[in-house]
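Asks: need the 3D shape of this:
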Amino acid sequence: MAVGFQFILDTLYYGKPTLTAFNFLQTNMSSVSLFYGANPWHYYLTQAIPILLSTALPFVLHGFWTTLKSKSARNNTPLRTMLATIVWSTTVYSLGGHKEWRFLHPILSLMHVFAAKSLVDLSSRAPERQKTGPSQKPVLRNTGGNKKTDRQVFLDRLGLPDIPASYLGVLLLTLPVSLYIILFYCDAPISVLSYIRAIPPNEMGDSTVAFLMPCHSTPGFAYLHREKLAYGGSWALGCEPPLE
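Replies: Down below sits the predicted model:
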């Protein structure tokens, strides 16, 4: 129904049978996308997914494996559906010549679900809920046979599994690097635009601002919000694809 409604709107707008989603797919799967660079077919498997997941990759792969290995259809159907979505999306994107790891951002959250499943499965003492009666609230019981520590009691109250600290440490290894990249390494485009935006109008006068950088290197007008720069006061190198 959604595709049919879109087809009707596109046809009314362009005056001829048109489906913009199909045109978008057809254009991006053609050689036009190679204008922005070409990548091997295995780019997403060998580069993009490892970059996006970093230290969570082993847990995601383990979550994939346990999902495929599990025989419980009732609890496994949603996970299998998400796994099929991840495989399908990665396969379709791999068919194109031009690839970017940011194209996989929509399915990144699904991969994190499998990482979370892996951590729970690998936890040394996952809390088990046991009902004491038909109308009573479920209570948590310790299956390890040992006396609970303060940490385990706290996790039980929150309903969380007892994930080993070593696993959590592996996940947090990238935190210092991520903070450095976000706060220092990649702050130059924002810093430059903040400087330009802070220039008093009387000091800028009739000057123009030129960005001699690859396209989309800065947030541009989405960050500047200056009328003079929006109407001829700034320009940048274009990167429009050769559609004609």
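
Asks: so for the chain, which residue is the most central one in space?
Replies: Centre of the chain computed as the mean C-alpha position; nearest residue by CA atoms, centre = their mean is residue 105, 2.7 Å away.

Asks: what residues sit buried inside the helix or strand harbouring that residue?
Replies: Assessed by DSSP states H and E, residue 105 sits inside helix 105-122. Going by neighbour count (16 or more other CB atoms under 10 Å), the buried part of helix 105-122 is 107, 110-119, 122. Bear in mind the C-beta positions are built from the backbone N, C-alpha and C, glycine included.

Asks: what's in contact with it?
Replies: Contacts to helix 105-122, defined as CB atoms under 8 Å, 6 or more residues apart in numbering, come from residues 49, 52-53, 56, 59-60, 62-64, 66-67, 79, 82-83, 85-86, 89-90, 126, 161, 163-164, 167.

Asks: among the residues you listed, name the buried ones.
Replies: The neighbour-count criterion (16+ other CB under 10 Å) marks 49, 52-53, 56, 59-60, 62-64, 66-67, 79, 82-83, 86, 89-90, 161, 163, 167 among the contacts of helix 105-122 as buried.

Asks: for the record, mean pLDDT for the helix holding residue 105?
Replies: On average, the pLDDT along helix 105-122 is 92.

Asks: chain center to it: distance?
Replies: 12 Å (CA atoms, centre = their mean, to the nearest Å).

Asks: same check, this time on stretch 46-57
Replies: Computed by CA atoms, centre = their mean, the chain-centroid distance of stretch 46-57 equals 11 Å.

Asks: so for it, first residue to last residue, what's the gap.
Replies: The separation between the terminal residues of stretch 46-57, taken as CA to CA, to the nearest Å, is 12 Å.

Asks: same check on stretch 33-41?
Replies: 14 Å.

Asks: for the chain, which helix is longest?
Replies: Taking DSSP state H as the criterion, the chain has its longest helix at helix 73-94.

Asks: and that one, what's its mean pLDDT?
Replies: What helix 73-94 shows for mean pLDDT is 89.

Asks: CA atoms of it as PDB?
Replies: This file holds the C-alpha atoms of helix 73-94, laid out as PDB (Å, rounded to 0.1, in the frame of the first residue of the first chain):
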ATOM      1  CA  ALA A  73      11.100 -21.300  17.400                       C
ATOM      2  CA  ARG A  74       9.000 -19.300  19.800                       C
ATOM      3  CA  ASN A  75      11.800 -17.200  21.300                       C
ATOM      4  CA  ASN A  76      14.000 -17.300  18.200                       C
ATOM      5  CA  THR A  77      11.700 -16.000  15.400                       C
ATOM      6  CA  PRO A  78      12.300 -12.300  16.100                       C
ATOM      7  CA  LEU A  79      16.000 -12.800  16.300                       C
ATOM      8  CA  ARG A  80      16.000 -14.800  13.000                       C
ATOM      9  CA  THR A  81      14.000 -12.000  11.400                       C
ATOM     10  CA  MET A  82      16.500  -9.400  12.500                       C
ATOM     11  CA  LEU A  83      19.400 -11.600  11.300                       C
ATOM     12  CA  ALA A  84      17.700 -12.000   7.900                       C
ATOM     13  CA  THR A  85      17.300  -8.200   7.700                       C
ATOM     14  CA  ILE A  86      21.000  -7.700   8.500                       C
ATOM     15  CA  VAL A  87      22.100 -10.300   5.900                       C
ATOM     16  CA  TRP A  88      19.700  -9.000   3.200                       C
ATOM     17  CA  SER A  89      20.700  -5.300   3.700                       C
ATOM     18  CA  THR A  90      24.400  -6.100   3.700                       C
ATOM     19  CA  THR A  91      24.100  -8.300   0.500                       C
ATOM     20  CA  VAL A  92      22.100  -5.700  -1.400                       C
ATOM     21  CA  TYR A  93      24.500  -2.900  -0.500                       C
ATOM     22  CA  SER A  94      27.400  -5.100  -1.500                       C
END
